[in-house]
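Novice: Let me see the structure of the following:
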Amino acid sequence: MSNNAEVEASVRSNLNSFVDIFYAAIFAFILLQVFTDVIDSKVLSFKDKVNGILLVMGVFYFLTWDWLHARLLTLRNPLQGYRRFFFDLMITFFSYGAALRAFRAKPTFLIYIVVILLVGIVWATRALSENKESEDKKELRIIEQMQFLVAIILIGTYVYVHVVLEVERVGIYETTIFLVAGWLFVFIYEWGLDRPDGILGGPGAPLMTRERIRRIKAFISAINVR
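Specialist: Here you go, the predicted model:
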């Protein structure tokens, strides 16, 4: 390995570590704020506390899931410049905003998630252009297509809930819908990919192992054959 190649590898590692530190700070912030502003609150009722914890858990899982997959994709598709690095920083910034609104049960957390999804599309497009022979083309294309569709759905949801219904605070009913919809998003995303077992396959969908997904696919295929 030439000296320049060694320097590039070191720079890439440092850039990834820098982004990881930002995410670690955000995750620590989420946990701290949940305890001080929700669990330890003297103002919120028990129902509001449960609602706040569930909503933050949903957002927290999405942010963690997004970060882990981005990190795996980055390791397999190394940075060829600084654009994706700055996109990663943008995503951490809006992740902070999403978490902040979530533990306050504000519907505007949806807008921050929309921005994260849209920036993620640009990130995936850039990863494809930087790594034209990438083995992750299918997943990066899914990110481009699916996240755009989900972003449109979330914008419509926000307009209906916040503007039409004038909901100022997300209740347990809306939180439940969000959690189910979020689970469906992750499940559909994972469904279209043939993930390897183990840590390299990413976190996947909650309550759905890859083996279980493969069994469901095999069952559906058997029905179609009949």
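
Novice: Tell me how far the spatially most central residue of the chain lies from Gly120.
Specialist: With distances taken as C-alpha atoms, centre = their mean, the residue of the chain nearest its centroid is Asp66 (3.1 Å). When C-beta to C-beta, to the nearest Å is applied, the distance between Asp66 and Gly120 equals 7 Å. Quick note: C-beta positions are derived from backbone N, CA and C, even for glycine.

Novice: hmm, back to that, and the residue nearest to the centre of the chain, how far is that from Arg215?
Specialist: For Asp66, the distance to Arg215 equals 27 Å [C-beta to C-beta].

Novice: now do Tyr158
Specialist: 36 Å.

Novice: Looking at these two, which is more packed in?
Specialist: Set Tyr158 next to Arg215 and count neighbours by other C-beta atoms under 10 Å: Tyr158 wins out with 18 against 11.

Novice: Report the buried residues of the host helix or strand of Asn224.
Specialist: Secondary-structure element containing Asn224, defined by DSSP states H and E: helix 210-225. Within helix 210-225, the residues that count as buried by 16 or more other C-beta atoms under 10 Å are Arg210, Ile213.

Novice: got the contact list for that helix?
Specialist: Glu190, Trp191, Arg195, Asp197, Gly201, Gly204, Ala205 (C-beta atoms under 8 Å, 6 or more residues apart in numbering).
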